[in-house]
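In: For reference, the sequence and a predicted model appear below.
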Amino acid sequence: MKRLIILFFALVCFKAIQAQETSTTSEEPVVLKSKRGINILPEAGEWGLGVSATPFLQYTGNFFNGNTFNNSASFNYVTNPANNIGLFGKYMIDANTAYRVRFNVGVGTQVDKAVVNKNEVAPDVNYPAFTEDFRKTSSQTILLAAGYEKRRGKSRVQGVYGGEVVLGYTGAKQTYEYGNAMSIDFNAPTTTNFGGNILGGSAAATTSRVVEQKTGATYYAGVRGFIGVEYFIGPRVSIGGEFGYSVAFRSASRTLMTSERWDANSNSVKQVKTDVGTPGNYFTFVGASLDNLSGAINLLFYF
(Lines give C-alpha, C1' and ligand atoms only; values in the text may rest on other atoms or scores of the structure.)
Protein backbone atom coordinates (compact mmCIF):
# COMPACT_ATOMS: atom_id res chain seq x y z
CA MET A 1 0.00 0.00 0.00
CA LYS A 2 2.82 2.36 0.87
CA ARG A 3 4.39 1.65 -2.50
CA LEU A 4 1.17 2.58 -4.30
CA ILE A 5 0.92 5.85 -2.33
CA ILE A 6 4.57 6.71 -3.07
CA LEU A 7 4.05 5.90 -6.75
CA PHE A 8 0.88 8.05 -6.85
CA PHE A 9 2.64 11.07 -5.32
CA ALA A 10 5.62 10.55 -7.67
CA LEU A 11 3.29 10.66 -10.68
CA VAL A 12 1.58 13.81 -9.34
CA CYS A 13 4.94 15.56 -8.81
CA PHE A 14 6.12 14.53 -12.29
CA LYS A 15 2.99 15.95 -13.90
CA ALA A 16 3.34 19.19 -11.91
CA ILE A 17 6.98 19.61 -12.98
CA GLN A 18 6.04 18.84 -16.59
CA ALA A 19 3.23 21.41 -16.52
CA GLN A 20 5.58 24.00 -15.04
CA GLU A 21 8.12 23.39 -17.80
CA THR A 22 5.39 23.71 -20.45
CA SER A 23 4.19 26.99 -18.94
CA THR A 24 7.75 28.36 -18.83
CA THR A 25 8.34 27.37 -22.42
CA SER A 26 5.13 29.06 -23.56
CA GLU A 27 6.31 32.36 -22.09
CA GLU A 28 9.51 32.41 -24.18
CA PRO A 29 9.53 34.74 -27.20
CA VAL A 30 8.00 33.23 -30.30
CA VAL A 31 10.43 33.13 -33.24
CA LEU A 32 8.44 33.46 -36.46
CA LYS A 33 10.03 31.84 -39.48
CA SER A 34 9.10 31.66 -43.13
CA LYS A 35 8.71 28.37 -45.00
CA ARG A 36 12.40 28.62 -45.92
CA GLY A 37 13.38 29.00 -42.27
CA ILE A 38 14.13 32.75 -42.40
CA ASN A 39 13.20 34.86 -39.37
CA ILE A 40 10.30 37.17 -40.22
CA LEU A 41 10.76 39.78 -37.48
CA PRO A 42 13.83 42.10 -37.30
CA GLU A 43 16.65 41.25 -34.91
CA ALA A 44 19.24 43.16 -32.90
CA GLY A 45 21.82 44.99 -35.01
CA GLU A 46 19.65 45.25 -38.12
CA TRP A 47 18.79 48.46 -39.96
CA GLY A 48 15.37 49.45 -41.23
CA LEU A 49 14.49 51.75 -44.12
CA GLY A 50 10.99 53.19 -44.54
CA VAL A 51 9.23 54.95 -47.41
CA SER A 52 5.65 55.96 -48.10
CA ALA A 53 3.61 53.16 -49.66
CA THR A 54 1.25 55.64 -51.34
CA PRO A 55 2.80 55.35 -54.85
CA PHE A 56 2.70 51.55 -54.67
CA LEU A 57 -0.95 51.50 -53.58
CA GLN A 58 -1.93 54.02 -56.25
CA TYR A 59 -0.19 51.98 -58.94
CA THR A 60 -1.90 48.78 -57.79
CA GLY A 61 -5.32 50.46 -57.86
CA ASN A 62 -4.67 51.90 -61.31
CA PHE A 63 -3.53 48.51 -62.57
CA PHE A 64 -6.77 46.79 -61.56
CA ASN A 65 -9.35 49.38 -62.61
CA GLY A 66 -7.54 51.53 -65.14
CA ASN A 67 -8.26 54.70 -63.15
CA THR A 68 -5.35 57.10 -62.66
CA PHE A 69 -7.10 59.05 -59.88
CA ASN A 70 -7.24 56.47 -57.09
CA ASN A 71 -6.86 57.65 -53.51
CA SER A 72 -4.60 55.30 -51.57
CA ALA A 73 -5.32 54.21 -48.01
CA SER A 74 -4.12 56.83 -45.57
CA PHE A 75 -4.27 58.10 -42.00
CA ASN A 76 -5.29 61.73 -42.57
CA TYR A 77 -5.41 64.08 -39.60
CA VAL A 78 -4.59 67.68 -38.75
CA THR A 79 -1.79 69.22 -40.83
CA ASN A 80 1.35 69.18 -38.72
CA PRO A 81 5.04 69.84 -39.51
CA ALA A 82 5.79 66.38 -38.13
CA ASN A 83 3.97 64.93 -41.16
CA ASN A 84 6.38 66.38 -43.70
CA ILE A 85 8.91 63.59 -43.34
CA GLY A 86 9.54 61.60 -46.51
CA LEU A 87 12.18 59.00 -45.55
CA PHE A 88 13.02 57.35 -42.25
CA GLY A 89 15.40 54.76 -40.83
CA LYS A 90 15.75 52.55 -37.76
CA TYR A 91 18.51 50.71 -35.93
CA MET A 92 17.38 47.71 -33.88
CA ILE A 93 19.03 47.74 -30.44
CA ASP A 94 17.30 44.44 -29.70
CA ALA A 95 14.23 42.63 -31.03
CA ASN A 96 11.87 45.05 -29.24
CA THR A 97 13.80 48.37 -29.16
CA ALA A 98 15.10 50.71 -31.86
CA TYR A 99 16.62 54.11 -32.46
CA ARG A 100 14.90 55.94 -35.31
CA VAL A 101 15.51 58.98 -37.47
CA ARG A 102 13.22 60.63 -40.03
CA PHE A 103 14.15 63.41 -42.41
CA ASN A 104 13.15 65.39 -45.47
CA VAL A 105 15.26 67.86 -47.44
CA GLY A 106 13.48 69.78 -50.18
CA VAL A 107 14.93 72.38 -52.54
CA GLY A 108 12.74 73.78 -55.29
CA THR A 109 12.93 76.41 -58.02
CA GLN A 110 10.14 77.67 -60.27
CA VAL A 111 10.41 80.25 -63.06
CA ASP A 112 7.32 82.07 -64.39
CA LYS A 113 7.52 83.96 -67.69
CA ALA A 114 5.16 86.47 -69.29
CA VAL A 115 5.27 88.30 -72.62
CA VAL A 116 4.49 92.04 -72.60
CA ASN A 117 4.57 94.89 -75.08
CA LYS A 118 7.98 96.52 -75.30
CA ASN A 119 8.07 100.22 -74.41
CA GLU A 120 9.49 102.26 -77.31
CA VAL A 121 9.75 106.00 -77.86
CA ALA A 122 8.67 105.62 -81.49
CA PRO A 123 6.80 102.29 -81.76
CA ASP A 124 5.83 100.82 -85.12
CA VAL A 125 2.07 100.13 -84.94
CA ASN A 126 2.34 97.65 -87.79
CA TYR A 127 5.16 95.67 -86.20
CA PRO A 128 4.82 95.87 -82.41
CA ALA A 129 7.78 94.73 -80.34
CA PHE A 130 7.57 92.46 -77.31
CA THR A 131 9.71 91.63 -74.31
CA GLU A 132 9.54 89.22 -71.37
CA ASP A 133 9.12 89.48 -67.61
CA PHE A 134 10.34 86.75 -65.26
CA ARG A 135 9.63 85.70 -61.69
CA LYS A 136 11.90 83.11 -60.06
CA THR A 137 10.76 81.39 -56.85
CA SER A 138 13.19 79.30 -54.81
CA SER A 139 12.44 77.48 -51.55
CA GLN A 140 14.22 75.27 -49.03
CA THR A 141 12.77 72.91 -46.42
CA ILE A 142 14.71 70.80 -43.93
CA LEU A 143 12.98 68.57 -41.38
CA LEU A 144 14.67 66.13 -38.99
CA ALA A 145 13.26 63.89 -36.26
CA ALA A 146 15.19 61.55 -33.95
CA GLY A 147 13.60 59.24 -31.42
CA TYR A 148 13.35 56.02 -29.45
CA GLU A 149 10.93 53.22 -30.35
CA LYS A 150 9.60 50.19 -28.49
CA ARG A 151 7.60 47.33 -29.98
CA ARG A 152 5.59 44.39 -28.69
CA GLY A 153 3.77 41.44 -30.17
CA LYS A 154 4.25 37.69 -30.79
CA SER A 155 2.87 37.49 -34.30
CA ARG A 156 3.25 39.27 -37.61
CA VAL A 157 1.29 42.17 -36.11
CA GLN A 158 3.65 44.35 -34.06
CA GLY A 159 2.63 47.36 -32.02
CA VAL A 160 5.12 50.27 -31.96
CA TYR A 161 5.27 53.27 -29.61
CA GLY A 162 7.76 55.83 -28.36
CA GLY A 163 8.83 59.45 -28.60
CA GLU A 164 10.99 61.75 -30.72
CA VAL A 165 12.29 65.28 -31.09
CA VAL A 166 11.40 67.17 -34.31
CA LEU A 167 13.43 70.08 -35.74
CA GLY A 168 12.73 72.00 -38.93
CA TYR A 169 13.67 74.97 -41.12
CA THR A 170 11.99 76.57 -44.11
CA GLY A 171 12.65 79.65 -46.23
CA ALA A 172 11.80 81.09 -49.65
CA LYS A 173 12.72 83.94 -51.99
CA GLN A 174 11.21 85.49 -55.12
CA THR A 175 13.19 87.59 -57.58
CA TYR A 176 11.78 89.55 -60.54
CA GLU A 177 13.32 90.61 -63.86
CA TYR A 178 11.44 92.99 -66.16
CA GLY A 179 11.93 93.49 -69.87
CA ASN A 180 10.89 97.14 -69.70
CA ALA A 181 13.31 99.12 -67.59
CA MET A 182 12.36 102.25 -65.69
CA SER A 183 13.85 105.34 -67.32
CA ILE A 184 13.31 109.06 -67.79
CA ASP A 185 11.20 108.26 -70.85
CA PHE A 186 9.18 105.51 -69.15
CA ASN A 187 8.58 106.28 -65.47
CA ALA A 188 5.71 103.76 -65.44
CA PRO A 189 6.77 100.93 -67.76
CA THR A 190 4.51 98.13 -68.90
CA THR A 191 4.91 95.42 -66.25
CA THR A 192 3.42 91.99 -65.63
CA ASN A 193 1.35 91.58 -62.46
CA PHE A 194 2.62 88.24 -61.10
CA GLY A 195 -0.14 87.20 -58.72
CA GLY A 196 -0.93 90.69 -57.51
CA ASN A 197 2.56 91.46 -56.22
CA ILE A 198 2.98 94.71 -58.17
CA LEU A 199 2.84 97.83 -56.00
CA GLY A 200 0.82 100.94 -56.89
CA GLY A 201 -0.12 100.20 -60.46
CA SER A 202 -1.33 97.70 -63.03
CA ALA A 203 0.32 95.42 -65.55
CA ALA A 204 -0.04 98.11 -68.18
CA ALA A 205 1.59 101.04 -66.37
CA THR A 206 3.43 100.44 -63.12
CA THR A 207 4.99 103.23 -61.11
CA SER A 208 6.36 100.91 -58.41
CA ARG A 209 7.12 97.20 -58.70
CA VAL A 210 8.66 94.39 -56.69
CA VAL A 211 12.17 93.24 -57.56
CA GLU A 212 12.69 90.85 -54.64
CA GLN A 213 10.66 89.34 -51.81
CA LYS A 214 12.57 87.31 -49.25
CA THR A 215 10.46 85.26 -46.87
CA GLY A 216 11.90 85.18 -43.38
CA ALA A 217 13.41 81.92 -42.18
CA THR A 218 11.09 79.85 -40.01
CA TYR A 219 12.45 77.44 -37.40
CA TYR A 220 10.37 74.66 -35.84
CA ALA A 221 11.09 72.60 -32.71
CA GLY A 222 8.89 70.13 -30.86
CA VAL A 223 8.48 66.79 -29.16
CA ARG A 224 6.19 64.02 -30.39
CA GLY A 225 4.81 60.84 -28.93
CA PHE A 226 3.62 58.16 -31.34
CA ILE A 227 1.86 54.80 -31.45
CA GLY A 228 1.21 52.58 -34.43
CA VAL A 229 1.17 49.13 -35.99
CA GLU A 230 3.44 47.18 -38.35
CA TYR A 231 2.27 44.06 -40.15
CA PHE A 232 5.04 41.87 -41.56
CA ILE A 233 3.95 40.69 -44.97
CA GLY A 234 7.20 38.74 -45.39
CA PRO A 235 10.65 38.24 -43.86
CA ARG A 236 11.98 41.69 -42.83
CA VAL A 237 9.26 43.50 -44.85
CA SER A 238 6.36 45.28 -43.14
CA ILE A 239 3.56 47.67 -43.93
CA GLY A 240 2.02 49.97 -41.33
CA GLY A 241 1.21 53.42 -40.09
CA GLU A 242 1.26 55.46 -36.90
CA PHE A 243 -0.44 58.33 -35.10
CA GLY A 244 1.30 60.91 -32.98
CA TYR A 245 0.69 63.83 -30.67
CA SER A 246 3.00 66.84 -30.96
CA VAL A 247 3.81 69.86 -28.81
CA ALA A 248 5.90 72.42 -30.68
CA PHE A 249 7.18 75.98 -30.97
CA ARG A 250 7.97 78.08 -34.04
CA SER A 251 10.25 81.07 -34.54
CA ALA A 252 10.25 83.21 -37.69
CA SER A 253 12.10 86.28 -38.89
CA ARG A 254 10.57 89.12 -40.90
CA THR A 255 9.68 88.98 -44.58
CA LEU A 256 11.49 91.71 -46.48
CA MET A 257 10.28 93.11 -49.82
CA THR A 258 12.37 95.27 -52.11
CA SER A 259 10.56 97.42 -54.68
CA GLU A 260 11.72 99.97 -57.23
CA ARG A 261 10.29 103.26 -58.49
CA TRP A 262 11.44 106.24 -60.52
CA ASP A 263 12.78 109.15 -58.47
CA ALA A 264 12.09 112.40 -60.32
CA ASN A 265 14.40 114.41 -58.07
CA SER A 266 17.48 112.39 -58.96
CA ASN A 267 16.25 111.14 -62.35
CA SER A 268 17.15 107.57 -61.36
CA VAL A 269 15.63 104.34 -60.11
CA LYS A 270 15.26 104.18 -56.34
CA GLN A 271 14.83 100.96 -54.35
CA VAL A 272 12.78 100.78 -51.15
CA LYS A 273 12.77 97.94 -48.62
CA THR A 274 9.71 97.29 -46.47
CA ASP A 275 8.48 94.69 -43.98
CA VAL A 276 5.60 92.51 -45.09
CA GLY A 277 3.20 91.11 -42.50
CA THR A 278 4.59 90.81 -38.97
CA PRO A 279 7.64 93.08 -38.63
CA GLY A 280 10.75 91.74 -36.93
CA ASN A 281 11.29 88.34 -35.39
CA TYR A 282 8.46 86.53 -33.60
CA PHE A 283 8.12 83.40 -31.48
CA THR A 284 4.90 81.39 -31.27
CA PHE A 285 3.58 78.27 -29.58
CA VAL A 286 2.28 76.03 -32.35
CA GLY A 287 0.27 74.02 -29.86
CA ALA A 288 -0.52 70.38 -29.30
CA SER A 289 -2.13 68.50 -32.16
CA LEU A 290 -2.82 65.02 -33.45
CA ASP A 291 -0.78 64.09 -36.48
CA ASN A 292 0.39 61.10 -38.47
CA LEU A 293 3.51 59.97 -40.31
CA SER A 294 3.48 61.62 -43.77
CA GLY A 295 -0.28 61.03 -44.09
CA ALA A 296 -0.03 57.57 -45.62
CA ILE A 297 0.57 53.87 -45.18
CA ASN A 298 4.32 53.17 -44.93
CA LEU A 299 6.48 50.37 -46.28
CA LEU A 300 9.53 49.28 -44.25
CA PHE A 301 12.48 47.04 -45.16
CA TYR A 302 14.92 45.55 -42.63
CA PHE A 303 18.37 44.24 -43.49
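Out: On my side now, so go ahead.

In: what helix or strand does residue 247 sit in?
Out: Assessed by DSSP states H and E, residue 247 sits inside strand 237-252.

In: residue ranges of the strands in this protein, please?
Out: Counting by DSSP state E, the chain has strands at residues 47-52, 87-94, 97-117, 130-152, 157-177, 208-234, 237-252, 255-263, 268-276, 282-292, 298-302.

In: Same question for the strand holding residue 247: list its buried residues.
Out: For strand 237-252, the neighbour count (16 or more other Cβ atoms under 10 Å) marks 238-242, 244-246, 248, 250, 252 as buried. The way it works is simple: take the backbone N, C-alpha and C, and place the C-beta from them, glycine included.

In: Looking at the strands of the chain, which is nearest to residue 191?
Out: strand 208-234 (5.2 Å; Cβ to Cβ).

In: Okay, buried residues for that closest one please.
Out: So strand 208-234, judged by 16+ other Cβ under 10 Å, has buried residues 208-210, 212-220, 222, 224, 226, 228-230, 232.

In: and what of stretch 119-132?
Out: 119, 131.

In: that older thread, within the sheet, what are the partner strands of the strand holding residue 247, with directions?
Out: As defined by DSSP bridges, the strand partners of strand 237-252 come to strand 208-234 (antiparallel), strand 282-292 (antiparallel), strand 298-302 (antiparallel).

In: which one of the ones you listed has the lowest average pLDDT?
Out: Mean pLDDT across the strands paired with strand 237-252 is lowest at strand 282-292; the value there is a mean of 63.

In: Distance of residue 120 relative to residue 131?
Out: For residue 120, the distance to residue 131 equals 10 Å [Cβ to Cβ, to the nearest Å].

In: Please tell me I have it right and residue 107 contacts residue 139.
Out: Yes: at 7.4 Å, residue 107 counts as touching residue 139 under the criterion of Cβ atoms under 8 Å.

In: which of the buried residues of strand 237-252 lies closest to residue 184?
Out: residue 252 (40.5 Å).

In: Can you list the low-confidence ranges for the chain?
Out: 1-30, 52-86, 196-204, 277-283, 285-296 (pLDDT under 70).

In: Quick one: residues contacting residue 100.
Out: 88-91, 146-149, 162, 164 (Cβ atoms under 8 Å, 6 or more residues apart in numbering).

In: Repeat that for residue 256.
Out: 213-214, 216, 273-276.

In: same thing but at 10 Å, please
Out: 173, 212-216, 273-276, 279 (Cβ atoms under 10 Å, 6 or more residues apart in numbering).

In: Relative to residue 178, how far out is it?
Out: Applying Cβ to Cβ to residue 256 and residue 178 gives a distance of 20 Å.

In: same check, this time on residue 236
Out: 57 Å.

In: neighbour-wise, which of those two wins?
Out: residue 178 (22 against 18; other Cβ atoms under 10 Å).

In: correct me, but that one touches residue 269?
Out: No: with contact defined as Cβ atoms under 10 Å, residue 178 does not reach residue 269; the gap is 11.1 Å.

In: okay, and the common contacts of those two?
Out: With Cβ under 10 Å, 6+ apart as the test, residue 178 and residue 269 both reach 211, 260.

In: my guess is residue 187 meets residue 262, correct?
Out: Yes: between residue 187 and residue 262 there is a contact under Cβ under 10 Å: 4.2 Å.
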